[in-house]
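Novice: only geometry, no sequence info:
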């Protein structure tokens, strides 16, 4: 999955066996749609996204959970890298 600096999904793994989403259901949507436990936080009626990848500017490797389209928990190893433009400015992140 690739997200822009705002957390909007710009590319997504087409393999649906794990998550059940079709590409057109997630591309252009905020990454919060996946309800991951590593950057989506539910605080009362509010949902907040805090991505340590963008806050720290470092690659992250940790266990995480996303919620599949059917609501099932899917456990993954999150391996993320910051994407930078030719000037070195942070423009997004790639999560594998």
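Specialist: Done, it's in. Being a predicted model, the structure only gives us computed values, none of them experimental. Residues are numbered from 1 along each chain as shown.
Novice: Beta-bridge partners for residue 42, please?
Specialist: Going by DSSP bridges, residue 42 is paired in beta bridges with residue 47.
Novice: quick one: it from residue 66, how far?
Specialist: The spacing between residue 42 and residue 66, counted by CB to CB, to the nearest Å, is 14 Å. Heads up, the C-betas are built off the backbone N, CA and C, glycines and all.
Novice: Which one of the two is surrounded by more residues?
Specialist: Higher neighbour count among residue 42 and residue 66: residue 66, with 22 against 10, using other CB atoms under 10 Å.
Novice: tell me which element residue 69 is part of?
Specialist: Residue 69 is part of no helix or strand, with elements assigned from DSSP states H and E.
Novice: which ones are touching it?
Specialist: 19, 20, 21, 25 (CB atoms under 8 Å, 6 or more residues apart in numbering).
Novice: List only buried entries from those.
Specialist: Neighbour counting with 16 or more other CB atoms under 10 Å marks 19, 21 as buried within those.
Novice: Make a markdown table out of the contacts of residue 69 and add pLDDT.
Specialist: Written out in a markdown table, the entries for the contacts of residue 69 read as follows (pLDDT from 0 to 100):
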| residue | pLDDT |
| --- | --- |
| 19 | 82 |
| 20 | 86 |
| 21 | 88 |
| 25 | 90 |
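Novice: Sort out for me which of the contacts of residue 69 are in helices.
Specialist: In this view, those that belong to helices under DSSP state H are residue 25.
Novice: Most remote residue from the middle of this structure, which is it?
Specialist: Farthest-out residue of the chain from its mean C-alpha position, per CA atoms, centre = their mean: residue 87, at 24.0 Å.
Novice: May I ask which helix or strand of this structure has the lowest mean pLDDT?
Specialist: Lowest on mean pLDDT, DSSP states H and E among the helices and strands of the chain sits strand 40-43, with a mean of 72.
Novice: From the contact count, pick out the helices and strands touching that one.
Specialist: strand 46-49 (3 or more CB pairs under 8 Å, 6 or more residues apart in numbering; DSSP states H and E).
Novice: buried ones in the helix or strand just after the strand it packs on?
Specialist: Where DSSP H and E defines the elements, the next helix or strand beyond strand 46-49 is helix 52-56. Within helix 52-56, the residues that qualify as buried by neighbour count (16+ other CB under 10 Å) are 53, 54.
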